[in-house]
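K.L.:
Fold the following and give me the result.
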Amino acid sequence: MTLLSKTITAFGSLLLAHACYSAREHTALQSLRTATAATLTSSTTVATSLPVDIIIETIISTFIILLGLVLGTRPLRPLEWRVWAGKIEREGEEGFTDNAGAVDKDYMGNPFSVFESRPNFVDIRKQRKEFAAWVQNGGGQQGQ
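P.N.:
This is a model prediction of the structure:
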C-alpha cells in the first residue's frame, strides 16, 4: 500500500472508532436516563435510536476506509494465460509491480518457461532431421 492509501485508511479508521465510541456513550447515557426515569415513574422503557450524526459519521468513515483500501490494491492481472504470457514477454518483471513499485510476490516469470526448458521435452522435428541424417549416412545398414 502506498503512503496515501495508508493515510486515508488510518483516517477512516479513526473516524470509525470515534463513531463507535459516540454510539457507545449515547447508549450508556440513554440507558442511565431510562433507568433514572424508571425509578421516578413506573413507566416502561422506551427504545431510542442513534442520532443521525453518529449514523452519518459511521457511513462516511466506512466509505473512507474502503477508498483507502481500494487505492492500495495491486493492479489486476489478466485472466487469460495468453494475455498474461504476452505481457510477461513484452514488459518482463516491470509489468508486474504494485502501486509502490515493488515486484508482485506472486510473479513467477514466464508461465511457459517450464515447457521450453524441460530436459525431457521431445522435439519431433529435430529428431526427424537427426534420423534422416542417420539414414543418409547409412546408419541402418551397420547391423546386417
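K.L.:
Helices of the chain, residue ranges please.
P.N.:
If DSSP state H is used as the criterion, the helices of the chain fall at 3-40, 52-71, 81-91, 113-116, 124-136.
K.L.:
what's the burial count for L66?
P.N.:
Around L66 sit 13 other residues, with neighbours defined as other C-beta atoms under 10 Å. Just so you know, the C-beta spots here come from the backbone N, C-alpha and C atoms, and that holds for glycine as well.
K.L.:
That should have said T9, apologies.
P.N.:
By other C-beta under 10 Å, 20 other residues sit near T9.
K.L.:
Find me the pLDDT at it, would you?
P.N.:
With respect to pLDDT, T9 has a value of 95.
K.L.:
Identify the residues contacting it.
P.N.:
T9 sits next to 1, 64-65, 68-69, 72 when contact means C-beta atoms under 8 Å, 6 or more residues apart in numbering.
K.L.:
How many neighbouring residues does L3 have?
P.N.:
9.
K.L.:
Please disregard the earlier target; I meant L15.
P.N.:
Neighbour tally, L15, other C-beta under 10 Å: 17.
K.L.:
Determine the number of other residues adjacent to the nearest residue to it once chain neighbours are set aside.
P.N.:
Closest residue in space to L15, ignoring its immediate chain neighbours: S61 at 3.5 Å, by C-beta to C-beta, 6 or more residues apart in numbering. Here the number of neighbours of S61 (other C-beta under 10 Å) works out to 20.
K.L.:
Quick check: S61 vs I54, distance?
P.N.:
Per C-beta to C-beta, to the nearest Å, S61 is found 11 Å from I54.
K.L.:
what sits in contact with each of these two?
P.N.:
With C-beta under 8 Å, 6+ apart as the test, S61 and I54 both reach A19.
K.L.:
In terms of mean pLDDT, which of the helices of the chain ranks lowest?
P.N.:
helix 113-116 has the lowest average pLDDT among the helices of the chain, namely a mean of 62.
K.L.:
quick one on the thing from earlier: among the contacts of T9, who's most crowded?
P.N.:
G68 (21 neighbours).
K.L.:
what sits against it?
P.N.:
Going by C-beta under 8 Å, 6+ apart, G68 touches 5-12.
K.L.:
ok, now how distant is I65 from L14?
P.N.:
For I65 relative to L14 (C-beta to C-beta), the value is 10 Å.
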